[in-house]
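model the following, please.
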Amino acid sequence: MRLLLLSQSFLPNRGGVETHLVLLLPQLKKAGWEITVLTANKNQKKPDEKLKSYEEIDTTVIYRFEIPVQRFFGLLSIYHQLLSKLKLFKQADLIIIHDIFLYFLPLRLLLPSKKVITVFHGWEGQFPIPHK
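Sure thing, here's the model as predicted:
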């Protein structure tokens with residue numbers, strides 16, 4: 001089965017979400033999942049250095065997209081980049097989104113029956129999470 005992980009950040013960056021994903025990947029692979037990660041092309045230690053837009057680490061395929069500086073038009077640029085990867089979303093049996101559901105929103109309209117899980121890292125608010 002194919003799994004697509006959508007995250008704002010991934011290796012070589014280090015943080016809570018990245019650590020969660022690094023610990024989760026071996027367990028998912030052991031369960032038989034074929035994993036693709038779609039993440040931003042941002043190197044936190046070297047901000048001027050671009051990471052590879054495609055690479056494989058072990059058996060995990062990683063695609064990276066650019067995060068523009070502008071807010072509104074930047075979001076449109078992200079939507080355009082993710083729509084260009086529509087095939088990845090269609091092929092996935094399950095999509096797990098880490099904190100950035102807003103990036104997936106237009107694709108949700110195109111793939112209404114796709115199985116999607118959103119993970120909120122660092123939620124310290126009210127449980128259950130309010131609908132608004």
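
which parts of the chain are helices?
16-30, 72-83, 86-91, 101-110 (DSSP state H).

let's have those helices in TSV, adding mean neighbour count, distance to I129 and mean pLDDT.
Using the backbone N, CA and C atoms, a C-beta is placed for each residue, glycine as well. Shown next, in TSV, are the helices of the chain (neighbours: other Cβ atoms under 10 Å; distance: least, Cβ to Cβ, whole Å; pLDDT from 0 to 100):
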stretch	mean neighbour count	distance to I129	mean pLDDT
helix 16-30	14	18	89
helix 72-83	14	23	88
helix 86-91	14	24	96
helix 101-110	15	12	88
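
now these in TSV, with distance to K46?
Output for the helices of the chain, formatted as TSV (distance: least, Cβ to Cβ, whole Å):
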stretch	distance to K46
helix 16-30	16
helix 72-83	21
helix 86-91	27
helix 101-110	24
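
looking at those helices, which is closest to R64?
Between R64 and the helices of the chain, the tightest spacing by Cβ to Cβ is seen for helix 72-83, at 9.6 Å.

what packs against the closest one?
strand 60-65, helix 101-110 (3 or more Cβ pairs under 8 Å, 6 or more residues apart in numbering; DSSP states H and E).

what is the orientation angle of that helix with helix 101-110?
For helix 72-83 and helix 101-110, the angle between their directions (axes from the mean of the first three to the mean of the last three Cα atoms, to 10 degrees) works out to 50 degrees.

output helix 72-83 as CSV, restricted to C-alpha atoms.
Taking C-alpha atoms only, helix 72-83 is exported to CSV below (Å, rounded to 0.1, in the frame of the first residue of the first chain):
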residue,chain,number,x,y,z
PHE,A,72,-1.2,35.2,-0.4
PHE,A,73,0.7,34.7,-3.7
GLY,A,74,3.0,32.4,-2.0
LEU,A,75,0.1,30.2,-1.0
LEU,A,76,-1.1,30.2,-4.6
SER,A,77,2.4,29.1,-5.6
ILE,A,78,2.4,26.3,-3.1
TYR,A,79,-1.0,25.2,-4.5
HIS,A,80,0.4,25.2,-8.0
GLN,A,81,3.4,23.1,-7.0
LEU,A,82,1.3,20.6,-5.2
LEU,A,83,-1.2,20.4,-8.0
